[in-house]
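Undergrad: When you get a sec, could you give me coordinates for this:
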Amino acid sequence: MTTALLFVTFLVLMIIGMPVGVALGIAGTLAIVLSNLDTQWFGLLAVPQSFYAGLAKYPLLAIPMFVLVGSVFDRSGVASRLVNFAIAIVGRGPGMLPLVAIAVAMFLGGISGSGPACAAAVGAVMIGAMGRAGYPPAFTASIVAAGASTDILIPPSIAFIVYSILVPQASVPALFAAGMVPGILVGVALIVPAVWLSRRHNMGTLEGHLPRPPFWASLFAASWGLIAPVIILGGMRMGLFTPTEAAVVAVFYGLFVGMCIHRTIKIGDLFVIFREAAELSAVIMIVVTLAGIFAWALSTLSVIDPITNAIVNSGLGEYGVMSLLIFLLMILGMFLDGISIFLIFVPLLMPIAQAYEWDLVWFGVLITIMVALGQFTPPLAVNLMVSCRIARVPMESTVRWVLWFLVSMSVVLILVIIFPELALWLPRYLGF
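TA: From the prediction side, this is the model:
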């Protein structure tokens, strides 16, 4: 009865528009009270303890720093210089600007690790440029949103940091390495339909008449941005700093580039940058801490074991259960943000993964790909919200284009399921 009330309360609060973190906290607290009616204070002392336990984790320090990195690089002018350099490489023509948008989004994923921040940075540069070249606004918004979804796969990734906190057996460096190849494959899978659709529908007809930037001048201008992932990922690989320390290094590097090199960030801009990063970080942290109360309630009520046994003994088999989980998570991704999906469902899914002896690093990559799909799948689609706002188009107008990218990205998901080594060989080669 209490278990049913836990989930019903959460769903009702979500339906009436309650923020997901508050819904998790209230549902978890109510379940704790109802299961401890005969104890002092009705077990409420567990609420602040669970709240603090959910927050007091060292890897979480990396989240506000990587959020700040996204805000800094959004204003540093790096994105526009990377775009010019990419255009200098691939040239002009139908389908080339969408290719550049996705490639630059993938590259920025190696700096910030935040999909919405990447969508804002790339969208601010590319949506206007693609519009002038003759691409429809709905198509450009879809391209930017899909490209930005690679950010949570290509390291550094906030999603992988949250997963490593929930699953201590999967280290952050191992997850970062495991996400590299699937992230690149996802990017390639998005580029193929982007170029094909552009040429099939005669989009970008004006692009060929636009000037092509000079290669060496573009390379020199983009060099500071090109070095950033080398510093962040190379420093972690060489053992110079941890992922948390790498986030701090990236912040100082971004500020140096923005204030001293490109001079696009002024002293007066720092307050706005820090405020935006603090607000977004606070939202993420509050959801993480309140989800700790929900998770503690699940554990106390012994909900996880019966669910695991029911699924494992359902007769579906290993791949049947995997298909069920994919379907469930893709549907949830349409309505919940990625962090919430991790916090609510990873504790429930871990016993299933352990029952089938799935590699937990590989499983983390699979879940992250599914969450990435949700970032540009309406109706929630956080990346699509950002790009549609920049393009000034309604989200429903992008559906005809988004479906192509969802199908191509799902192909990569299937490949990673069939061939786990696509995710596992790099962390094994690097010794993680």
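Undergrad: which SS state does residue 212 fall under?
TA: coil (DSSP: H, G, I helix; E, B strand; the rest coil).
Undergrad: Roughly how far does residue 403 sit from residue 377?
TA: Separation of residue 403 from residue 377 (Cβ to Cβ, to the nearest Å) stands at 9 Å. Bear in mind the C-beta positions are built from the backbone N, C-alpha and C, glycine included.
Undergrad: Compare those two (neighbour count), which wins?
TA: Taking neighbours as other Cβ atoms under 10 Å, residue 403 and residue 377 compare with residue 377 leading, 24 against 13.
Undergrad: Any stretches of the stretch 251-400 of the chain with poor pLDDT?
TA: Across the stretch 251-400 of the chain, the ranges flagged by pLDDT under 70 are 302-304, 337.
Undergrad: Next up, the contacts around the residue nearest the centre of the chain.
TA: Note on the chain: the residue nearest the mean C-alpha position is residue 152, at 3.3 Å, using Cα atoms, centre = their mean. Contacts for residue 152 (Cβ atoms under 8 Å, 6 or more residues apart in numbering) come out as 109, 113, 114, 115, 158, 159, 160, 338, 368, 371, 372, 375.
Undergrad: Now that we're looking at the second one, what pLDDT does it have?
TA: Right, residue 113. At residue 113, the pLDDT value in this model is 62.
Undergrad: And the first one, by the same measure?
TA: Residue 109 is assigned a pLDDT of 73 by the prediction.
Undergrad: Now residue 241: closest residue in space, sequence neighbours ignored.
TA: Residue nearest to residue 241 in three dimensions, not counting chain neighbours: residue 235, with 5.2 Å by Cβ to Cβ, 6 or more residues apart in numbering.
Undergrad: What about the one you found, how many residues nearby?
TA: Neighbours of residue 235 using other Cβ under 10 Å come to 17.
Undergrad: what sits up against the one helix or strand it maps to?
TA: Counting by DSSP states H and E, the element that carries residue 235 is helix 215-237. Applying Cβ under 8 Å, 6+ apart, the contact partners of helix 215-237 are 73, 76, 78-79, 81-82, 84-85, 87-89, 107, 110-111, 155-156, 173, 176, 241-243, 246, 249-250, 253-254, 257, 261-262, 430.
Undergrad: Which members of these occur in helices, if any?
TA: Judged by DSSP state H, the subset of the contacts of helix 215-237 located in helices is 73, 78-79, 81-82, 84-85, 87-89, 107, 173, 176, 243, 246, 249-250, 253-254.
Undergrad: Packing partners of the lengthiest helix in the chain?
TA: Using DSSP H to define each element, the chain has its longest helix at helix 267-300. Applying 3 or more Cβ pairs under 8 Å, 6 or more residues apart in numbering; DSSP states H and E, we find helix 267-300 packed against helix 2-15, helix 20-34, helix 46-55, helix 62-75, helix 338-355.
Undergrad: for the ones you listed, which one sits closest to residue 268?
TA: Minimum separation from residue 268 across the helices and strands packed on helix 267-300 (Cβ to Cβ) falls at helix 62-75, 11.7 Å.
Undergrad: Let me know the angle separating that closest one from helix 78-90.
TA: 70 degrees (axes from the mean of the first three to the mean of the last three Cα atoms, to 10 degrees).
Undergrad: tell me the angle helix 62-75 makes with helix 338-355.
TA: Angle, helix 62-75 to helix 338-355, by the same axes, to 10 degrees: 130 degrees.
Undergrad: between helix 62-75 and helix 215-237, how big is the angle?
TA: With the same axes, to 10 degrees defining the directions, helix 62-75 sits at 170 degrees from helix 215-237.
Undergrad: Would you confirm that residue 373 contacts residue 330?
TA: Yes - applying Cβ atoms under 8 Å, one finds residue 373 in contact with residue 330, separated by 6.0 Å.
Undergrad: Neighbour count for those two, which is higher?
TA: The residue with more neighbours, out of residue 373 and residue 330, is residue 373; 25 against 17, by other Cβ under 10 Å.
Undergrad: What residues sit buried inside stretch 417-432?
TA: Of the residues in stretch 417-432, 417, 420, 422, 423, 424, 426, 427, 432 count as buried by neighbour count, 16 or more other Cβ atoms under 10 Å.
Undergrad: Lowest-confidence one in those residues?
TA: Among these, residue 432 has the lowest pLDDT, at 74.
Undergrad: how near is the residue nearest to that residue when sequence neighbours are not counted to residue 167?
TA: Nearest residue to residue 432 in three dimensions, chain neighbours excluded: residue 174, at 3.8 Å (Cβ to Cβ, 6+ apart). Residue 174 sits 11 Å away from residue 167, going by Cβ to Cβ.
Undergrad: Give the other helices and strands that the helix or strand encompassing residue 404 contacts.
TA: In this structure, residue 404 sits in helix 399-418 according to DSSP H and E. When contacts are defined as 3+ Cβ pairs under 8 Å, 6+ apart, helix 399-418 packs onto helix 137-148, helix 172-200, helix 360-374, helix 421-429.
Undergrad: Could you check the angle that helix makes with helix 137-148?
TA: Orientation check (the same axes, to 10 degrees): helix 399-418 against helix 137-148 gives 20 degrees.
Undergrad: Show me what helix 399-418 is in contact with.
TA: Contact partners of helix 399-418, identified using Cβ under 8 Å, 6+ apart, comprise 138-139, 142-143, 145-146, 149, 182, 185-186, 189-190, 192-194, 197, 322, 326, 362, 365-366, 369-370, 372-373, 376-378, 384, 422-423.
Undergrad: I figured residue 258 hits residue 75, correct?
TA: Yes - applying Cβ under 8 Å as the test, residue 258 and residue 75 come out as touching, 6.2 Å apart.
Undergrad: related to what we said a few turns ago, any chance of the contacts of residue 152 in a markdown table, plus distance to residue 220 and neighbour count?
TA: As requested, the contacts of residue 152 are exported to a markdown table (distance: Cβ to Cβ, whole Å; neighbours: other Cβ atoms under 10 Å):
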| residue | distance to residue 220 | neighbour count |
| --- | --- | --- |
| 109 | 23 | 27 |
| 113 | 27 | 32 |
| 114 | 28 | 33 |
| 115 | 29 | 31 |
| 158 | 31 | 26 |
| 159 | 34 | 25 |
| 160 | 33 | 30 |
| 338 | 36 | 25 |
| 368 | 35 | 26 |
| 371 | 37 | 26 |
| 372 | 33 | 30 |
| 375 | 33 | 27 |
